[in-house]
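Visitor: how would this look folded up:
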Amino acid sequence: MEQSIDNSRQNNGQTPAVSPDTQVPGQTAADNTPHPAPPKIVGHFGKHMSSYWEVMVPALSVRYLAETGYKLRRAWHEHRHPDIKLPKEMNRKWEAMYAATTGAAMYAMATFYLTRTYQDLKNVFAEPIAWETGKAKEDVGFIDIMKSENSLVQAAKRNFFKYNARRFAVNLPFFANHLPGPFKKLDPDTAVLAGVGTNAIYLMSDVLTRKETFFERLQGFVDQKIVHKGDLGEKATALDLINLYELHSRDKNSGYNASGRMDTQEWQDRQALFGRMASLINQTYGNEPNKEHANFTLGKMIYLMGHGMIGTGNMERSSAYIETASQYGIEAVKEMAKQPMADGSDVKYAREHYPASAAAAAQEKPAPDQSGGFAAKIAAEGRAAAMSPPGASQTEKLAIQRAAAPEGGMALTA
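Guide: A predicted model of the protein is given here:
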């Protein structure tokens, strides 16, 4: 999709400094209140540890089994034939088997992790890619993942290849004595030590520099909030989705940096938007009674977010896409997205052709909002939708919207 809602901050992701004497449009006075700089933390490592290491660190110990087998074989020979020493060629053969067994075990575990991760990629992205390609979800394969224009799929694909290439590279030294040239003269035991050493360096680099990716956070979100694997009673929250969105923004732009301030109108608007989306997800997956007949799957969230239809640049437009996807499906979203975004034609089209009821939004308690921001608007839209009689004209709908708007706030525009 060529059009996208502006969801990035300028100046390399940094929020511009605001003078206490300058009022920023769309913000309250509290948004401009200066805050003391927090202390800088530089010694907190291990912000994210990939589950890969939960498998591989124990796997490194497999080498001791291989070494024990080699030493038992030699001890058995010396016991049976105390006067006959094993030829050097035989010793080297068994040492080479020890090194190869250790390397094979490490590659087997890395391959196991790779295949499981790929299966997760396919399971999570099959639905949004199916809508993108027109295929059945079951027919989506590797080539479709590679060709997808969804920014979430593209980021996950890049990370999949990047991290798995590193994992296979650091295990190559286990087979160093099988490489051509001077490597052939290496002692097999030295090859094993080199393999352990390269894995240790990679582990240290992960501890010092590794950042969680969108897909890794999404895997945990699905396990805890949708599948409930050991986390009964957990529900999707606005913060879950806000943090997923922030990770996606960082994956798209390495210079992106979230403001982190929660005393702004933007934060209140985000809470309303992502809280609404969390409510639809909870109803869809049975975390809450589905009173609205919501149908907002994880695949729909991924499709909207990955094609730039959910963003913080225009909360009302994002809300229109979310409600349309839930009530009418992705085909309706595609029709909506064909309309020009710059002048708001896509939102007008949705209201005219897909009058999705936002009545449930009226039941959501809006965040404190004295400036008529989005948090109040989304509640007004829900009240208006609930009050509008079937077949009401656009003029009648506008009158109902103005009546439903909070005192001192703004009514929605057509």
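Visitor: so Met109 is in which element?
Guide: Here Met109, judged by DSSP states H and E, is contained in helix 88-133.
Visitor: what helices or strands is that helix leaning on?
Guide: Judged by 3 or more Cβ pairs under 8 Å, 6 or more residues apart in numbering; DSSP states H and E, the packing partners of helix 88-133 are helix 52-60, helix 62-80, helix 142-147, helix 151-171, helix 188-209, helix 214-221, helix 298-306. All C-beta atoms are positioned from the backbone trio N, CA, C, and that covers glycine.
Visitor: let me know the angle separating it from helix 151-171.
Guide: 180 degrees (axes from the mean of the first three to the mean of the last three Cα atoms, to 10 degrees).
Visitor: ok, Ser51 - how many residues close by?
Guide: By the criterion of other Cβ atoms under 10 Å, Ser51 has 13 neighbours.
Visitor: would you list the helices and strands packed on helix 88-133 in TSV and tack on distance to Lys348, mean neighbour count and mean pLDDT?
Guide: Shown next, in TSV, are the helices and strands packed on helix 88-133 (distance: least, Cβ to Cβ, whole Å; neighbours: other Cβ atoms under 10 Å; pLDDT from 0 to 100):
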stretch	distance to Lys348	mean neighbour count	mean pLDDT
helix 52-60	48	15	73
helix 62-80	63	14	74
helix 142-147	32	13	95
helix 151-171	26	17	92
helix 188-209	47	16	84
helix 214-221	32	20	91
helix 298-306	19	24	95
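Visitor: reformat those helices as CSV; add distance to Asp269.
Guide: Formatted as CSV, those follow (distance: least, Cβ to Cβ, whole Å):
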stretch, distance to Asp269
helix 52-60, 37
helix 62-80, 52
helix 142-147, 33
helix 151-171, 22
helix 188-209, 33
helix 214-221, 22
helix 298-306, 17
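Visitor: between these, which one is nearest to Lys122?
Guide: helix 142-147 (7.1 Å; Cβ to Cβ).
Visitor: helices or strands next to the closest one in the packing?
Guide: Against helix 142-147 (3+ Cβ pairs under 8 Å, 6+ apart) you get helix 88-133, helix 151-171.
Visitor: out of these, the one nearest Lys291 is which?
Guide: Going by Cβ to Cβ, the one of the helices and strands packed on helix 142-147 nearest Lys291 is helix 88-133, 24.1 Å.
Visitor: can you state the direction angle for that closest one and helix 52-60?
Guide: Here helix 88-133 points in a direction 160 degrees away from that of helix 52-60 (the same axes, to 10 degrees).
Visitor: one step back: okay, the helices and strands packed on helix 142-147 in TSV with distance to Leu208 next?
Guide: Below are these laid out as TSV (distance: least, Cβ to Cβ, whole Å):
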stretch	distance to Leu208
helix 88-133	21
helix 151-171	14
